[in-house]
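A.B. asks: Sequence plus the predicted model coming up.
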Amino acid sequence: MPRPVADQPECWPALPLDSWKDTYATLHMWLQIVGKVRLRLTPLVNHWWNVPLYVTARGLTTTRIPYGERAFELWFDFIRHQLVLETNDGIVKTLPLAPKSVAEFYREFMAMLRSAEIEVKIWRMPVEIPNPIPFDEDRVHASYDPVAVEKFWRILLSVDAVFTQFRAGFIGKSSPVHFFWGSFDLAVSRFSGRRAPERAGADAVTREAYSHEVSSVGFWPGSVGVKDAAFYSYTSPEPQGFKEAQAQPNAAYYDKQLGEFILMYEDVGQAESPTASLLEFCQSAYEAGAGLGNWDREALER
């Protein structure tokens, strides 16, 4: 019996971190630059939900950003490999995505905004990475492999579809499926409805992000602690016994350093049904946290 379309190999391409780590590092900075424009011009939404980007049929978008009497949208087109600026008064401008330094991209991007009469200042320092370099001074990161970027976007399309299906089974408070440009991960979060104890020593960002009990699942292409593309799931605050629980499928494991369940992307891609494998991970890790945390599941789930 043939695989369903969503489980075809082309929907879950291999993307070892070593094969595109330089492009990943550069793209990360470009996404932060664009994402910070959305952050600067939109009001705070609970848990920083005004910050992320969203997966589209062509790449990633900011969605509509208000600007006085006008509005505009910025979106990365990973088919034509360009950054597109569109305004509600008919202006369309593009910036090619090609090997160039972060400093060059920053200069060209800000010039594109100004040419559309959009003036905005952003904090030039990257976040959530070691040894950050101000955007306008970063000539270290300058790689762009379009084939690797297309594979990454193809993975995001598949993961977004599975996360959206998983989200549909929850009628309590839930985040959209969204892409955080700081941590470079696609995630969706469920909430019990109860406030969480404040974390000792937490900064303003963390206090807002974890103000309520939450169970999150996400995907990222690899980082400190996990050396390749992987899925993660955690519950915060972590209930007693969570780390001893067994998430599914069997390849999933609890990482004590991260405090999260991990399932390597490669294991999902090689499963008979990647979609079913990932859904099983999402559901089992959530059930472990919600059950041990005494969430009112009858009221929260379909």
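C.D. replies: Looks like it arrived, so ask away.
A.B. asks: give me the low-pLDDT residue ranges for the chain?
C.D. replies: In the predicted model of the chain, residues 1-3 satisfy pLDDT under 70.
A.B. asks: Helices along that one, start to end?
C.D. replies: Shown for the chain, the helices assigned by DSSP state H span residues 21-41, 102-115, 146-167, 204-209, 265-269, 274-292, 297-300.
A.B. asks: Turn those helices into CSV, columns for distance to Val188 and mean neighbour count.
C.D. replies: All C-beta spots, glycine's among them, are computed from the backbone N, C-alpha and C. Shown next, in CSV, are the helices of the chain (distance: least, CB to CB, whole Å; neighbours: other CB atoms under 10 Å):
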stretch, distance to Val188, mean neighbour count
helix 21-41, 18, 20
helix 102-115, 29, 17
helix 146-167, 5, 19
helix 204-209, 14, 13
helix 265-269, 16, 22
helix 274-292, 8, 21
helix 297-300, 14, 12
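A.B. asks: JSON lines please, covering the ones you listed and showing distance to Trp48.
C.D. replies: Formatted as JSON lines, the entries for the helices of the chain read as follows, by distance: least, CB to CB, whole Å:
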{"stretch": "helix 21-41", "distance to Trp48": "8"}
{"stretch": "helix 102-115", "distance to Trp48": "22"}
{"stretch": "helix 146-167", "distance to Trp48": "18"}
{"stretch": "helix 204-209", "distance to Trp48": "6"}
{"stretch": "helix 265-269", "distance to Trp48": "25"}
{"stretch": "helix 274-292", "distance to Trp48": "21"}
{"stretch": "helix 297-300", "distance to Trp48": "22"}
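A.B. asks: closest to Pro4 out of these?
C.D. replies: Among the helices of the chain, the nearest to Pro4 by CB to CB is helix 274-292 (7.2 Å).
A.B. asks: orientation of the closest one relative to helix 146-167 in degrees?
C.D. replies: Interaxial angle, helix 274-292 versus helix 146-167 (axes from the mean of the first three to the mean of the last three CA atoms, to 10 degrees): 50 degrees.
A.B. asks: Please tell me how far Pro239 sits from Thr42.
C.D. replies: Distance, Pro239 to Thr42, using CB to CB, to the nearest Å: 34 Å.
A.B. asks: same check, this time on Asn88
C.D. replies: For Asn88, the distance to Thr42 - CB to CB - is 16 Å.
A.B. asks: Likewise for Met264?
C.D. replies: Counting by CB to CB, the gap from Met264 to Thr42 is 35 Å.
A.B. asks: May I ask you to name the longest strand in the protein?
C.D. replies: Secondary structure of the chain per DSSP state E: the longest strand is strand 185-195.
A.B. asks: by how many degrees do that one and helix 146-167 diverge?
C.D. replies: 30 degrees.
A.B. asks: in strand 185-195, what's buried?
C.D. replies: Under the neighbour-count criterion of 16 or more other CB atoms under 10 Å, strand 185-195 has 185-192 buried.
A.B. asks: what would the residues you listed look like in a markdown table with distance to Trp20?
C.D. replies: Output for the buried residues of strand 185-195, formatted as a markdown table (distance: CB to CB, whole Å):
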| residue | distance to Trp20 |
| --- | --- |
| Asp185 | 16 |
| Leu186 | 16 |
| Ala187 | 21 |
| Val188 | 24 |
| Ser189 | 27 |
| Arg190 | 31 |
| Phe191 | 34 |
| Ser192 | 37 |
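A.B. asks: and of those, the nearest to Asn46?
C.D. replies: Nearest to Asn46 among the buried residues of strand 185-195 is Phe191, at 9.5 Å by CB to CB.
A.B. asks: check contacts around the closest one.
C.D. replies: 172-174, 212-215 (CB atoms under 8 Å, 6 or more residues apart in numbering).
A.B. asks: wait, what's in contact with Glu198?
C.D. replies: Counting by CB under 8 Å, 6+ apart, Glu198 touches 207, 211.
A.B. asks: Could you check how far it is from Ala204?
C.D. replies: In terms of CB to CB, Glu198 sits 12 Å off from Ala204.
A.B. asks: what's the answer for Cys282, then?
C.D. replies: From Cys282 over to Ala204 (counting by CB to CB), the distance is 30 Å.
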